[in-house]
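>>> All I have is the shape, not the residue letters:
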DNA sequence: CTTTTTTCCTATAACGTTTTCGTAAAAGCA
DNA sequence: TGCTTTTACGAAAACGTTATAGGAAAAAAG
C-alpha cells in the first residue's frame, strides 16, 4: 500500500499509464527500448502491481483455496506441502481453511468463497451424510475449477486425485492373512465415504479370495472421539472371540489399537497383527514398529494443485472428468 | 464473478449505488426502511461484495499471511490450527507459505507480499545466519503489522509469541539429572537462533545448578539432514565416554536419537535417558514411551493471530513491544 | 510519389466498491 | 412565518489496474 503505483511510474517516464502497463506485460505493441526504460524504473522503485486492482479488472487472480478437515494430521500436512510446492513455483497464493469435520463450517467456507476471492479450489471433504449439494451449488454460481483429493464425493463430476484404496487395502488384508491372521478386523469410520467404502471393498474381497467367511462384526466402526474409540475397541478386544488382526483404515485408529492392546496385554504381533493406514513418521519407532499402508500424500497434493492450475490457466475444463490415481505404499514392519 | 453486483441491486431497488453501499454498511445516513429493503434483496440474490473492489477502494482487506518453515511438523501444524481458529472466527482469510528453511524463499515471499495482498503477517523465521534485514525492510515499505512466533528474531522490535524456553529447558535438564544422568547432552541445531540459545542457557544453568561441569562437547550440533544427523549421533554414542542423557531440543533429533540408540543397542532409559522437545502425538507409544517437553503450539498460534488482528483493527501498534510467553509442558514417561 | 501497412503509443472506459460532498425535504425552533 | 438543523439520499470521484479503440508517424509496398 505504500509502494509506488503505475501512475507514478508513467509520470516520471513521461509515458501514458497504458504504455507502462503494456510494457510491464511485455506486450508486442511496445518498443524494446521503451520496455527497457519501464522495466528499469520499475525495478528501481521495486514496483509491485496492486493485486486488487489487477484482479478486479481482470476478474480473476492468482489465489486458490485449500479446504481440508484437519491440518494436525500427517496426511493432510503432507498434502498441503505438496500443494504449496506447486502453487509457490507457479506464483499462486494459497488460502487454507480447516473444517474440523464440521459440515456447517465447510458450507460456510464455500459460501464465503463465492465472493470471488479465489480462482480455484482444492478440497478434501469432511465426513457427513448430507450429500454434496453445496459443491454443486458453489460450482454453479462461480463456475470455478475445483479439484477434489482423497476424500472425494463419489457422485459428483469433478476432477479428483485419489489413492488406489481398493487394491492396496486388498493387498494389506492379504498380508495380514498370510501372516497368520484368521479373523482380521477392519476398523473404519461410521461415516459413509467413498474412500472408506473402497477400503472396505478391498478388505472384503481379500477375505473372500482367501476363503475367510466375512461376518458383520468383523467391521469395527469408530468415531472422531478418541476416548469413545478406546472403549469401543477395548470392549471388542476383551471378548473371547476377539479379532487376531487389525487393518486400521484411519491413522488414529491404529494408534488407539496400540493403546488398547498395550492395556489389555495383548501382544502385537503374536496375539494381534496390525497394519495401519497412516503417514506417521514415527511408525518405525513404535513398539513394535508399525506396518503401514501409507498414502502418497505429498504427491496427491502436487497432482491436485498441478491439475487445478492447468484448469485455471488453460481453461481446459475438459479435465473435469480427470481422475488421477496414485498408489499407496505398503511397508511391512514388526507388527505383523 | 458470476454473482450479482451492487449496481444491479441498486438498479432493481431504484436506489443509487452509494445508498446501497451505505445500507449494507449499516450507515446511520440510511433510513431503517431502506436498509431493510436493501438487505432483503441482497439476501435474496445472495449478494457478496467483491473483495477486490472493496480492498482496492479501502486499501486494505481481511487477508493475512502465515509464513512457516514447515507444515509437516506437529508443532507448526498445531500452530496453524490455532491461527486458523482465530482467523476463521474473525472472518479473515489465511494465506500459507512454507519456506523449508530456505532463506531465499523466505525473502521471496516477503517481497511478494509487499504488493499489498495482505493486511498482516504471522511468521516463524527459518534458520539462517544472515540477519533479519528483510523483515525490517518489509515493515518499512508496507507498515503492516507483523507478529513473530516461536522462532523469533531477538533483535527486532516486533510483537512476539514465544514459549518459556529457558525455564522449561532448565527444568527438563534438571529432571534428567535427578533421574541419574551424570553427563546429559544437549542436541541442538547448528544455526544460531534465539529459541535455541534460550534452551541452551536453560540447559547450561541447570548443569551448573547441579554441580555438573559443562564442557563444549556436551553440546551436539545437528543439522537439517536426517542422514547426517544419524552419523553424527552414532559416532558420538559409539565412544566410550558417551553421554548418558539426551535433551533433544528439536523434535526430529529425538527421533534420530531413538534410532541410534536402538541400533547401538543402548537401552533407554538404562544407558541413556532421553527427553525430547516435541509435540508428537505418538510420543507415548514409542519404545520406550518418550518423555517430552511439548510446546503450547495451538495456543501460540491462537495468541499470535489474536494479537495480529487486534493490531490490524485497532491500529494499536502500541502492541509493537508485546511479548507473550506461554509455558511449555514437561511430560515424564519411560525414557528417563 | 501515393497508398497501404506496420509500429508504437495514448485516451478512455471499464472493473465494483467506498467515501466525500452536495442537496432536497422534513423537522425543529423562535 | 422564516430560519436553522437534521434526515435521507444521490452524484461523482476515487482506488490502480487492464482492455479496447484509435491515431500519428514511420516504414513498406505499389
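That came in fine, so what should we check first? Just so we're clear, the structure is a prediction, and the values are computed from it rather than from any experiment.
>>> ok, the closest residue to residue A:49 other than its chain neighbours to residue B:144 distance?
Leaving aside its sequence neighbours, residue A:49 sits nearest to residue B:115 (C-beta to C-beta, 6 or more residues apart in numbering or on different chains; 6.7 Å). C-beta coordinates here come from the backbone N, C-alpha and C atoms, glycine included. If you measure residue B:115 against residue B:144 using C-beta to C-beta, to the nearest Å, the figure is 11 Å.
>>> and the two? which has more neighbours close in?
Neighbours were counted for residue B:115 and for residue B:144 using other C-beta atoms under 10 Å in any protein chain shown; residue B:144 has more, 22 against 18.
>>> Ramachandran coordinates for that one?
Phi and psi for residue B:144, reported as degrees, to the nearest 10, are phi -90, psi 150.
>>> Would you mind giving me the confidence score for the residue in the stretch 51-200 of chain A that DNA strand C sits nearest to?
The minimum distance from the stretch 51-200 of chain A to DNA strand C, using C-beta to the nearest atom of the strand, falls at residue A:57 (3.4 Å). For residue A:57, the model assigns a pLDDT of 97.
>>> now the one 3 residues further on
According to the prediction, residue A:60 has pLDDT 93.
>>> And residue A:319, by the same measure?
pLDDT for residue A:319: 60.
>>> burial measure for the residue of the stretch 51-200 of chain A closest to DNA strand C, as a count.
When neighbours are counted by other C-beta under 10 Å, residue A:57 comes out with 11.
>>> so where does it fall, helix or strand?
helix A:51-58 (DSSP states H and E).
>>> Between helix B:51-58 and the helix or strand following that helix, find me the angle.
Scanning forward in sequence from helix A:51-58 by DSSP H and E, the next helix or strand is strand A:63-68. Inter-element angle recorded for strand A:63-68 and helix B:51-58: 120 degrees (by axes from the mean of the first three to the mean of the last three C-alpha atoms, to 10 degrees).
>>> Whichever helix or strand comes after strand A:63-68 near chain B anywhere?
Counting by DSSP H and E, the next helix or strand C-terminal to strand A:63-68 is helix A:74-89. Yes - Helix A:74-89 comes into contact with chain B (C-beta under 8 Å from any C-beta of the partner chain), by way of A:74, A:77-78, A:80-81, A:84-85, A:88.
>>> Can you tell me which of the residues you listed are buried?
Buried members of the residues of helix A:74-89 next to chain B, scored by 16 or more other C-beta atoms under 10 Å in any protein chain shown, are A:74, A:77-78, A:80-81, A:84-85, A:88.
>>> what stretches of the stretch 51-200 of chain A score poorly on pLDDT?
Within the stretch 51-200 of chain A, the segments meeting pLDDT under 70 span A:128-130.
>>> about what we covered before: out of the residues of helix A:74-89 next to chain B, which two sit at the greatest distance?
Maximum pairwise distance among the residues of helix A:74-89 next to chain B (C-beta to C-beta): 20.4 Å, between A:74 and A:88.
>>> Strands of the stretch 201-336 of chain A, residue ranges please.
Using DSSP state E, counting those that start in this stretch, the strands of the stretch 201-336 of chain A run over A:219-222, A:245-248, A:273-277, A:291-294, A:323-326, A:329-331.
>>> contacts for the last one?
When contacts are defined by C-beta atoms under 8 Å, 6 or more residues apart in numbering or on different chains, strand A:329-331 is touched by residues A:168, A:171-172, A:175, A:275, A:283, A:291-296.
>>> which among these end up buried?
A:168, A:171-172, A:175, A:275, A:283, A:291-296.
>>> want to try TSV for these, with distance to residue B:161 as columns?
Listed next are those as TSV, based on distance: C-beta to C-beta, whole Å:
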residue	distance to residue B:161
A:168	41
A:171	46
A:172	42
A:175	46
A:275	40
A:283	32
A:291	39
A:292	35
A:293	38
A:294	33
A:295	33
A:296	35
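>>> Pick out the most distant pair among those.
So, the buried ones among the contacts of strand A:329-331 by C-beta to C-beta: farthest apart are A:175 and A:296, at 18.7 Å.
>>> List phi and psi for the closest residue to residue A:243 other than its chain neighbours.
Excluding the flanking residues, the one nearest residue A:243 by C-beta to C-beta, 6+ apart is residue A:185, at 3.6 Å. With angles defined as degrees, to the nearest 10, residue A:185 sits at phi -100, psi 150.
>>> and residue A:185, bridged to which residues?
Counting by DSSP bridges, residue A:185 forms beta bridges with residue A:246.
>>> Confirm for me that it is in contact with residue A:246.
Yes - look at residue A:185 against residue A:246 with C-beta atoms under 8 Å: they come within range, at 5.6 Å.
>>> I'd like to know how far residue A:60 sits from chain B.
Separation of residue A:60 from chain B (C-beta to the nearest C-beta, to the nearest Å): 7 Å.
>>> tell me, how many neighbours does that residue end up with?
Other residues close to residue A:60 by other C-beta under 10 Å number 17.
>>> again, but for the one 4 residues further on
For residue A:64, the tally of surrounding residues (other C-beta under 10 Å) stands at 26.
>>> Tally up the residues packed near the closest residue to it other than its chain neighbours, please.
Nearest non-adjacent residue to residue A:64, counting by C-beta to C-beta, 6+ apart: residue A:120, 4.4 Å away. Applying other C-beta under 10 Å, we find 24 other residues in the vicinity of residue A:120.
>>> Over to residue A:18?
By other C-beta under 10 Å, 13 other residues sit near residue A:18.
>>> swap in residue A:55?
Counted with other C-beta under 10 Å, the neighbours of residue A:55 add up to 24.
>>> what's the nearest residue to it if we skip its chain neighbours?
Excluding its sequence neighbours, the residue lying closest to residue A:55 (C-beta to C-beta, 6+ apart) is residue A:61, at 3.7 Å.
>>> Over to residue A:136?
Nearest one to residue A:136, counting by C-beta to C-beta, 6+ apart, is residue A:156 at 6.6 Å.
>>> hang on, the one you found packs against residue A:132?
Yes - Residue A:156 is within contact range of residue A:132, at 5.7 Å (criterion: C-beta under 8 Å).
>>> Report the contact partners of residue A:3.
Residue A:3 sits next to A:45-48, B:114-116, B:141-142 when contact means C-beta under 8 Å, 6+ apart.
>>> Tell me the spacing between it and residue B:245.
Distance, residue A:3 to residue B:245, by C-beta to C-beta: 53 Å.
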